[in-house]
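Student: Below: sequence and its predicted model.
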Amino acid sequence: MTIDKVLHIIWAISALGLIVLVLLHSPKGDGIGGIGGQAQLFTSAKSAETALNRVTWILAVIFIGFTVILSAGWLSQ
């Protein structure tokens with residue numbers, strides 16, 4: 001398995017994760033609590049929303065970074 005294929009797999013996983021996390025965001029600020037009740041994992045809705053925002057930003061940076069790397073053709077040399 002080449003580095004190109006590994007990056008494509010990570011890129012696809014980050015894209016799917018990003019889609020799921022964006023769909024979890026609630027326009028009313030409910031976040032994860034709006035899906036099926038309050039999340040037991042977090043102590044408050046504010047901490048759940050903060051954690052969701054952080055993970056979403058991390059996946060967005062990974063997705064955009066890998067998009068630039070893969071589309072530029074730097075690895076195909």
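Tutor: Sure thing, it's come through. None of these values were measured; they are calculated from a predicted model.
Student: Can you show me the strands along this protein?
Tutor: Assigned by DSSP state E, the chain shows no strands.
Student: all helices of it, in order?
Tutor: Ranges of helices within the chain are 3-24, 33-36, 45-72, based on DSSP state H.
Student: Can you flag the weakest of those helices by average pLDDT?
Tutor: Note on the helices of the chain: helix 33-36 shows the lowest mean pLDDT, a mean of 58.
Student: which residues sit against stretch 58-77?
Tutor: 3-4, 7-8, 10-11, 14-15, 17-18, 21 (C-beta atoms under 8 Å, 6 or more residues apart in numbering). Heads up, the C-betas are built off the backbone N, CA and C, glycines and all.
Student: Buried members of those into ChimeraX, please.
Tutor: Here is the ChimeraX selection string for the buried members of the contacts of stretch 58-77, based on 16 or more other C-beta atoms under 10 Å:
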select :11,14,17,18,21
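Student: Please put the alpha-carbon coordinates of stretch 7-17 into CSV.
Tutor: Taking Å, rounded to 0.1, in the frame of the first residue of the first chain, the C-alpha atoms of stretch 7-17 are listed here in CSV:
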residue,chain,number,x,y,z
LEU,A,7,-3.8,9.5,2.2
HIS,A,8,-6.8,8.8,0.0
ILE,A,9,-8.2,6.5,2.7
ILE,A,10,-7.6,9.1,5.5
TRP,A,11,-9.1,11.8,3.2
ALA,A,12,-12.3,9.7,2.6
ILE,A,13,-12.7,8.9,6.3
SER,A,14,-12.3,12.6,7.2
ALA,A,15,-14.8,13.6,4.6
LEU,A,16,-17.4,11.1,5.9
GLY,A,17,-16.7,12.2,9.5
